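>>> output the structure for:
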Amino acid sequence: MEFGILGPLEVRHDGRRIAIGGTKQRRVVATLVLSAGQVVSVDQLIDAVWDGEPPVTARKQVQNAISTLRRTPVSEALAAVGSGYVLQVPARQVDAGRFDQCLAEAQAARSRHDLARAAETLRTGLAIWRGPALAGVGGRTISTAASQLEERRLSAVTAWAEVSLDLGSHAAVADELCAELDRYPLCEPLAGLLMLALYRAGRTAESLVWYERIRHTIADDLGVDPGPELQNQYHRILAADRTLSYRSEASLPRNYLPRDVGHFTGRLPELERLTAVANGGGVTVIQAIDGMSGVGKTAIAVHAAHRLADQFEDGQLFVDLHGHTAGRDPLTADEALDVLLRAMGYPDARIPKNLDEKAAMWRGELAGRRILVVLDNALSSAQVTPLLPGSASCSVMITSRRRLTGLAGADVLSLDTLPPDDAVALFRAVAGSDRCEAEATAVIKVVQLCGYLPLAIGMAAARLRSRPQWKLSDLVARLTDDRGRARLLRSDDFGVTAAFALSYQHLVDSEQRMFRLLGLHPGTDIDVFSAAALADLPSHEAEHLLDALCDMHLLTAHLPGRYRLHDLVRDFSRACVHGDETALQRSAAWDRLLDYYLHVTQIAAELDNPKRPRLGVSPRYQPAAVPQLSTTSDVRSWVNTEYANLLAAAQLAAHHRADDDGWQLPRNVGSLLYENGQLSASLEVFTIALGACQPDTPPAVRSACLLDVSLMHKVLGRYRLALDFLHQGTAHAADSADLDGIARSLIHKADLSNLIGSFADAVSYATRSIELYHEQGDLWREAVALTVLMDALNCLGRHRDAIEAADQAALPLDGFVNLRQASAVLSRRGTAHSGLGEHDSAIRLLTQSIDLARQGDDRRFEADYLHRLAEATRRSGQPLAALEHAHEALGILRDIPDPVDLAETHNVLGAIHSDNHQYNLSLVHYRQTLDITADVEYRVARAHAHHGTGRSLAALGHPDAATHLQQALAIYAELGLPEAECVDLHPPR
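Sure, this is the predicted structure:
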């Protein structure tokens, strides 16, 4: 199905013309075609048919016209949508759509200076027209649209004439425009082009005659004279102005730009910025493009220069300054000026010998001219300053690996690596899209392994293209291997490594050493303090060197005070450090780095947990400066920032210090990650610490590491595994008569007993632990044991005993440096008062515990106290407040998914909704708890969830209610919980 509106209205199906009879039907079809692909309302159709004066039956008549159309092949494309209709055809099936596509292609060809293609495409578009647009359809709406189409045709005719004149086709333009002026007799721009075409074709007299004819037409129709531009054209032709003569391509200033990149991809925002800035007026435009080797500085400068060429009609010059070229010294400013002046046509004999005189001649030559100069591969600001024009009509683009901070007034564009989508597009363009279709995921992996660096992507794609027997998976395998990657990304004497080496060679010795040592850092980024430790330097000297590496784009300052090596630069850095630093020097640098992390993690761990047993020796290397850590909030922030580095440093410590205290740093890191709520990572690092223990490691250390692993399995709901590690840790503590280890294992046993529902055992273990810590005078640990004891007593319904236990301990909670245990004891007291129905006391104490947790930025414990407060508030008859507290807890637990607290919070939410008779909502939350406790043996919460599910189902009249109530009763009875007396197996509906 094809529709024609560029001429009389025409509809064709399978090459046959479809008759569209009647004015109403023709206007309806024309309106739908004009808005093809868009919904046209019945009101719009009525307006188009009757020009705003419809009869009473207009809507019915339009519907009849549509019905008639549905009996024709047009019905295949016609659809009703809401209160309107849409013609569902692609643009290529409407002649106006094909015409617009020709205009767009012609504009693109003009922008890349392909004038022949532009002229051909415009001619193709104009050939689509069969006559005046929508001729014979009539109507105000249709006539307005037809006028707009005619204006687009006139623009196309004008563009074709301009391009054809640029190509020298003067006679063809003259012959064509004579006919066009009959169609557009008042179009002065078209008249001016006709006059110019005739003049250039040697038909000056005809040109002047046409002017008189046009002048009379304008005077007769409009009563005015032609505009100043057309009058000026007339007088210039009379005067035989030489500037009107055709300048062939050979007579134009030469374009010295290198060949444009055929597969240039992406960088649209950067290109738009370069082209916009280059067109700035008032001063000489200087654009400095910097970035790391291989990022595509030259490619984007050349591509942008080609796009701008027609705006700098006096010439486009290019000079490679060889700032970083293998085997060549950089050009001096003196030598570069020789190149530029020769390009402007000066013979060697006329070029002065003195630098200042050369620069003056260069500036004089450019004065008043529109010239674009590309200075590629600059070494420094001093090298390019004498080459800068003085004319505001000129523009300069400078590329450099070094950030050229000495160029006053320059617009600086620092290129980063490609965005992932652009990187994939570049790889496909070079390698061939057909080979990439079947392994799209592998393409993504390749560009990731190339670090999104254009040079590396291009080389990898070219390698694949030259190896037809390879699959993309073969390329991935080679890039994954560090040595294979270096070999693959090399061609002849050039490659990614060679490009980085050129930048490295221009560093001073201290900068080279810092760059090498950065390759030893195991993490993802580095701060000033750890860099200073690696290099054994004061922090201010380290910062100066890091900034120098940033200026050379061998390093990126991705955050204030934090730096990152590109993946491929890191490969090169590691190759340098292994080639230029001895094994002893590398080992010493690693020791300093690990001691730095050990020192800082000890400070952080003592802030988090002041009474944590400090095992192992103090760091041998004492860093001169460390991050400021004075509060637990500081610790949280530092751990979050250093997360990946801490994991990597822990692994390095276990390997590098395998024969010494390789467990020490991983244990510190695991403790910090645990306090930060990063539970799986904490288990991973605690396991590394345990694995780093050697046969001669002290039993107290091995016991502590086993208890750490046990703790993490417990927190993650793996209670059986936790017990296995706990029993091993207890045995080592007993063997070494480690009273602290024994007391700590008792606390863990008590806590695990609470979780699996052995509350009597929990009371016994916790009581014994309290006694041991009381004997040692360790109030902080005594408070830990007290909270576990109070949890057991509260679960058993012995709320008054829980309060009395806290009173008897008489711990000076206000004196704790760490707020955690003060808040923990207060929260258990609040839970006890809530169980006793003393709501005001419960809410007050729980609110205080939350405030203390927030002061310590202790979000994991804050979530625990919030769901306790939600339960206490619910019991006090404040459902809205309870709901708010529970959802706040749930928000924290989305980031720190502790299964126990998640189960408790969903149970509270279930109870709140049940109280409000929102039983379907309550079931959602109870089922969440049942899902969680299917994997985590937290039986108390599971029993509560069964109980709540049973009551909600009973209220809804569901037959499964009894099953859940029986399961709840069985668990309550087995655990000896008082809730067993509250289970009604036959609750009322």
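>>> let me see the contact set for the most centrally placed residue in the chain.
Using CA atoms, centre = their mean, the residue of the chain that lies closest to the mean C-alpha position is Pro419, 8.3 Å off. With CB atoms under 8 Å, 6 or more residues apart in numbering as the criterion, the residues that contact Pro419 are 266, 452. Bear in mind the C-beta positions are built from the backbone N, C-alpha and C, glycine included.
>>> ditto for Arg636
Contact partners of Arg636, counting by CB under 8 Å, 6+ apart, are 676, 857.
>>> same check, this time on the one 10 residues further on
Applying CB under 8 Å, 6+ apart to Leu646 gives the contacts 523, 597, 601, 639, 669, 672-673, 685.
>>> neighbour-wise, which of those leads?
Ranked by the number of neighbours (other CB atoms under 10 Å), the contacts of Leu646 place Val669 first, at 33 neighbours.
>>> that residue and Asp851, how far apart?
Distance of Val669 to Asp851, given as CB to CB, to the nearest Å: 29 Å.
>>> what would the contacts of Leu646 look like in a markdown table with pLDDT?
Formatted as a markdown table, the entries for those read as follows, by pLDDT from 0 to 100:
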| residue | pLDDT |
| --- | --- |
| Gly523 | 91 |
| Tyr597 | 96 |
| Thr601 | 94 |
| Val639 | 93 |
| Val669 | 95 |
| Leu672 | 93 |
| Leu673 | 93 |
| Val685 | 96 |
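>>> closest to Leu716 among those?
Leu673 (12.7 Å; CB to CB).
>>> which SS class is the closest one?
Counting by DSSP: H, G, I helix; E, B strand; the rest coil, the backbone at Leu673 sits in helix.
>>> go on, Gly364?
With three-state DSSP as the criterion, Gly364 was assigned helix.
>>> I'd like the numbering to begin with 48 instead of 1 from here.
In the new count, where the first residue is 48, that last one comes out as Gly411.
>>> that one: neighbouring residues, count only.
Counted with other CB under 10 Å, the burial measure for Gly411 works out to 12 neighbours.
>>> for the stretch 48-197 of the chain, which segments count as strands?
Per DSSP state E, counting those that start in this stretch, the stretch 48-197 of the chain has strands spanning 49-51, 57-60, 63-65, 87-88, 125-128, 131-134. These are given in chain order.
>>> pretty sure Leu726 contacts Val762?
Yes - in this structure, Leu726 sits in contact with Val762. The criterion is CB atoms under 8 Å, and the distance is 5.6 Å.
>>> common neighbours of those two, please.
Contact criterion CB under 8 Å, 6+ apart; residues shared by Leu726 and Val762: Asp945.
>>> minimum distance to Thr878: which of the strands of the stretch 48-197 of the chain has it?
In terms of CB to CB, the element of the strands of the stretch 48-197 of the chain nearest to Thr878 is strand 125-128, at 60.2 Å.
>>> show me what that closest one is packed against.
Applying 3 or more CB pairs under 8 Å, 6 or more residues apart in numbering; DSSP states H and E, one finds that strand 125-128 makes contact with strand 131-134.
>>> export the strand it packs on as CSV, just CAs?
What follows is the C-alpha trace of strand 131-134 in CSV, where atoms were taken according to Å, rounded to 0.1, in the frame of the first residue of the first chain:
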residue,chain,number,x,y,z
GLY,A,131,-10.2,8.6,16.3
TYR,A,132,-8.4,6.7,13.5
VAL,A,133,-4.8,6.1,12.5
LEU,A,134,-3.3,5.1,9.2
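>>> quick one: strands adjacent to that strand?
When pairing is defined by DSSP bridges, strand 131-134 lines up against strand 87-88 (antiparallel), strand 125-128 (antiparallel).
>>> adding mean pLDDT and mean neighbour count, write the ones you listed out as a markdown table.
Converted to a markdown table, the strands paired with strand 131-134 look like this (pLDDT from 0 to 100; neighbours: other CB atoms under 10 Å):
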| stretch | mean pLDDT | mean neighbour count |
| --- | --- | --- |
| strand 87-88 | 91 | 16 |
| strand 125-128 | 89 | 14 |
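>>> check which helix or strand covers Arg514.
Assigned by DSSP states H and E, Arg514 belongs to neither a helix nor a strand.
>>> enumerate every residue touching it.
The neighbourhood of Arg514, defined by CB under 8 Å, 6+ apart, consists of Asp521.
>>> and the residue of the chain positioned farthest from its centre, how far is that from Ser292?
Of all residues in the chain, the one whose C-alpha sits farthest from the chain's mean C-alpha position, using CA atoms, centre = their mean, is Ala252 at 65.0 Å. In this structure, Ala252 and Ser292 are separated by 17 Å, where distance is defined by CB to CB.
>>> next one: Arg534
When CB to CB is the yardstick, Arg534 and Ser292 sit 59 Å from each other.
>>> circling back: could you tell me which of the contacts of Leu693 belong to strands?
Mapping these onto strands (DSSP state E) picks out no residues; all lie outside.
>>> show me which of those residues is closest to Asp627.
Minimum separation from Asp627 among those (CB to CB) is found for Gly570, which lies at 21.7 Å.
>>> the closest one: what's it in contact with?
The neighbours of Gly570, taking CB under 8 Å, 6+ apart as the test, are 689, 691-696.
>>> who touches the nearest residue to it once chain neighbours are set aside in this structure?
If the residues on either side of it in the chain are set aside, Gly570 comes closest to Asn692, at 3.2 Å by CB to CB, 6 or more residues apart in numbering. Asn692 makes contact with 568-573, 577, 644 under the criterion CB under 8 Å, 6+ apart.
>>> redo that, cut-off 10 Å
Residues touching Asn692, when contacts are defined by CB atoms under 10 Å, 6 or more residues apart in numbering, comprise 568-574, 577, 609, 640, 644, 716.
>>> check the secondary structure at the residue nearest to Ala700 when sequence neighbours are not counted for me.
Here the nearest residue to Ala700 in space, its sequence neighbours aside, is Leu712; by CB to CB, 6+ apart that works out to 3.9 Å. Under three-state DSSP, the three-state class of Leu712 is helix.
>>> quick check: Leu712 vs Leu699, distance?
For Leu712, the distance to Leu699 (CB to CB) stands at 8 Å.
>>> between those two, tell me which one has more neighbours.
When neighbours are counted by other CB under 10 Å, Leu712 and Leu699 differ, and Leu712 comes out ahead with 31 against 21.
>>> got any ranges where the stretch 498-647 of the chain has weak pLDDT?
Low-confidence segments of the stretch 498-647 of the chain, defined by pLDDT under 70, are located at 529-531, 533, 535-541.
>>> element containing Thr777, please.
When secondary structure is defined using DSSP H and E, the element that contains Thr777 is helix 766-782.
>>> now do that helix: which elements does it pack against?
helix 726-738, helix 746-762, helix 786-803 (3 or more CB pairs under 10 Å, 6 or more residues apart in numbering; DSSP states H and E).
>>> ok, 7 Å please
Packing partners of helix 766-782 (3 or more CB pairs under 7 Å, 6 or more residues apart in numbering; DSSP states H and E): helix 746-762, helix 786-803.
>>> show residues contacting the shortest one.
Right, the one you point to is helix 746-762. 660, 662, 710, 714, 717, 721, 726, 729-730, 733-734, 736-737, 740, 768-769, 772-773, 775-776, 779-780, 782-783, 785, 788, 791-792, 795, 798-799, 802, 945 (CB atoms under 7 Å, 6 or more residues apart in numbering).
>>> try the longest one
By CB under 7 Å, 6+ apart, the list of residues contacting helix 786-803 from outside reads 660, 747, 750-751, 754, 757-758, 761, 766, 769-770, 773, 776-777, 780-781, 806, 808-809, 812-813, 815-816, 819-820, 823, 828, 831-832, 835, 838-839, 842, 947, 984-986.
>>> my read: Val955 touches Ala917, true?
Yes - in this structure, Val955 sits in contact with Ala917. The criterion is CB atoms under 7 Å, and the distance is 4.8 Å.
>>> show me where the stretch 548-697 of the chain has its helices.
Counting by DSSP state H, counting those that start in this stretch, residue ranges of the helices within the stretch 548-697 of the chain are 556-565, 575-582, 586-598, 614-627, 630-655, 679-703.
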